[in-house]
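Asks: generate coordinates for the sequence data below:
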Amino acid sequence: MRLVRLKIASKFRSLSKYFVMAGIFLLLSTSTFSQKADSVKREKKLKIIPLPAIFYTPETRLGYGVLTSGVFNLGDKQNTRNSNVQILAAYTLNKQTIIQTKHNIFSKQENLVFNGELSYYHFPILYYGVGNDTKKEFEEHLEYQVLIFRERVLKKVKDNLFMGIQYRYTDLYDLQFEPEYLFSESARVYSQTGKNSGVGFAVIFDNRDNVLNARTGAFLEFSNFFHGKGIGGDFTFNRYTLDLRKYWSLSERDVLATQYFGEFNTSNTPFREMSLLGGETIMRGYYNGRFGDNQQMAIQAEYRRQLLPWLGLTAFSAFGDVASQFDQFNLNEFKWTAGGGIRLMVNKADRINIRIDYGIGHETSGFYFAFAEAF
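Replies: Purely as a prediction, here's the structure:
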């Protein structure tokens, strides 16, 4: 028992260290860019939006806590989009603990972009095994704790085109898994507990007018991670991501948003690092992880209509699937989902919404209450 307490204490010391590092990074970034600012030409206001965090997803059920969102601009609004930092501390009815910080920071004239996350999850989940035809009746309960650190630094190459490097670290520990049906999965799950450390690069074209709620523009990303033991991880695998989004402003009140998302991992991918179908951002209606494998492809479209300054409606649909190898995808067998939602605007100037969505798929459905648009 004393050994367990020492391990937990060590993990929390490590967690505290990473949170302090992230805090220092954000403060220094903001301070450095602010010192270079021309206070006569630019208006720099930090808008802090504290909100009671109330959310609902199939993975968490009802969650509650505190969400603080900071919105600020480090340059002229004519050539620099708003930066944002979000801090979330929450607990859910599924006995999950979430401590999460995310940031998306644009320097003056967007010469540099910082995007990252530092999160801790104590996350009991439902586990169904690996593949695109797993059985819902073989549902298992799995529990773990995980620390995630991710940072991306991009340099503007030309207008709206960015290139840079990225790093990602995860530490999954304190796994508890006592299967009733998927006994063969036990060895896989326990053997794939540990650390993942990955470095890579990213190329992004981004001319969206608003990163939290775009009306016009496009976001095109190709990125990868090389995970290996030589950089502090326990597993060796590669990941390639393709994320393509396009937004059309049909009128002052109407927007059409589309997205293609592909995530492709090489073999020997740990179970938690596999591509998981479903969740609150794409394939809404499917439990995140209901289907998971090395590869994933999905496409979605969403129509957004602003009825009143504070109220909007949406309708969405998506198709996607997972596969072990890329050549095993079969478009005729892709899973589908469709649904609609309500948007409540809590910050008109920055177009920040609270969204309430309901998605329906094949023999599944899901209700979502979350902050900001799905994509």
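
Asks: Tyr173 and Phe123: what is the separation?
Replies: Distance, Tyr173 to Phe123, using CB to CB, to the nearest Å: 12 Å. For every residue, glycine as well, the C-beta is placed using N, CA and C.

Asks: please disregard the earlier target; I meant Asn115.
Replies: Counting by CB to CB, the gap from Asn115 to Phe123 is 23 Å.

Asks: what ranges do the strands span in the stretch 51-200 of the chain?
Replies: Under the criterion DSSP state E, counting those that start in this stretch, strands of the stretch 51-200 of the chain are mapped to 61-72, 83-92, 97-106, 112-122, 125-127, 140-158, 161-177, 195-206.

Asks: what does the stretch 251-375 of the chain give?
Replies: 254-265, 275-277, 291-293, 295-308, 311-323, 335-347, 352-361, 364-371.

Asks: check the offset of the first one from the chain's centre.
Replies: Strand 254-265 has its average C-alpha position 13 Å from the chain's average C-alpha position, going by CA atoms, centre = their mean, to the nearest Å.

Asks: that one - contacts with which helices or strands?
Replies: strand 237-249, strand 275-277, strand 295-308 (3 or more CB pairs under 8 Å, 6 or more residues apart in numbering; DSSP states H and E).

Asks: work out for me the element the spatially closest residue to Asp206 that is not a sequence neighbour sits within.
Replies: Of all residues not flanking Asp206 in the chain, Phe219 sits nearest, at 5.0 Å (CB to CB, 6 or more residues apart in numbering). Assigned by DSSP states H and E, Phe219 falls within strand 217-227.

Asks: so what strands line up beside that strand?
Replies: strand 195-206 (antiparallel), strand 237-249 (antiparallel) (DSSP bridges).

Asks: between these, which gets nearest to Asn213?
Replies: strand 237-249 (9.6 Å; CB to CB).

Asks: can you state the direction angle for the closest one and strand 254-265?
Replies: Orientation check (axes from the mean of the first three to the mean of the last three CA atoms, to 10 degrees): strand 237-249 against strand 254-265 gives 170 degrees.

Asks: okay, buried residues for strand 237-249 please.
Replies: The neighbour-count check on strand 237-249 (16 or more other CB atoms under 10 Å) flags 237-239, 241, 243-247 as buried.

Asks: residue closest to the middle of the protein?
Replies: Thr281 (7.8 Å; CA atoms, centre = their mean).

Asks: contacting residues for that one?
Replies: With contact taken as CB atoms under 8 Å, 6 or more residues apart in numbering, Thr281 is in contact with 374-375.

Asks: can you pull the pLDDT of it?
Replies: We have a pLDDT of 94 for Thr281.

Asks: and what of Lys158?
Replies: pLDDT, Lys158: 94.

Asks: likewise for Phe326?
Replies: According to the prediction, Phe326 has pLDDT 93.

Asks: that one contacts Asp293, doesn't it?
Replies: No. Using CB atoms under 8 Å, Phe326 is not in contact with Asp293; the gap is 10.9 Å.

Asks: of those two, who's got more company?
Replies: Asp293 (22 against 11; other CB atoms under 10 Å).

Asks: so the more buried one makes contact with Ala323?
Replies: Yes. With contact defined as CB under 8 Å, Asp293 reaches Ala323; the gap is 5.7 Å.

Asks: overlap of the contact sets of those two?
Replies: Asn132.

Asks: run through the bridge partners of Ser317.
Replies: Ala301, Ala338.

Asks: how many neighbours does it have?
Replies: Neighbour count of Ser317, defined by other CB under 10 Å: 16.

Asks: what do you get for Met163?
Replies: By the criterion of other CB under 10 Å, Met163 has 12 neighbours.

Asks: show me the contacts for it.
Replies: Applying CB under 8 Å, 6+ apart, we find Met163 in contact with 154-155, 157, 201-204.

Asks: please apply the same query to Gln296.
Replies: So Gln296 contacts 261-264, 275-277, 320-323 (CB under 8 Å, 6+ apart).

Asks: out of the residues you listed, who's nearest Tyr127?
Replies: Within the contacts of Gln296, proximity to Tyr127 (CB to CB) peaks at Leu276, which comes in at 10.8 Å.

Asks: and the gap between the closest one and Phe291?
Replies: Leu276 sits 8 Å away from Phe291, going by CB to CB.

Asks: and for Lys229?
Replies: Counting by CB to CB - Lys229 and Phe291 are separated by 29 Å.

Asks: picking up where we left off before, residues near the residue nearest to Asp206, how many?
Replies: 19.

Asks: cool, the one 10 residues further on as well?
Replies: Around Lys229 sit 11 other residues, with neighbours defined as other CB under 10 Å.

Asks: still on that earlier bit, tell me the most packed of the contacts of Met163, by neighbour count.
Replies: Counting neighbours by other CB under 10 Å, Leu154 comes out on top of the contacts of Met163 with 23 neighbours.
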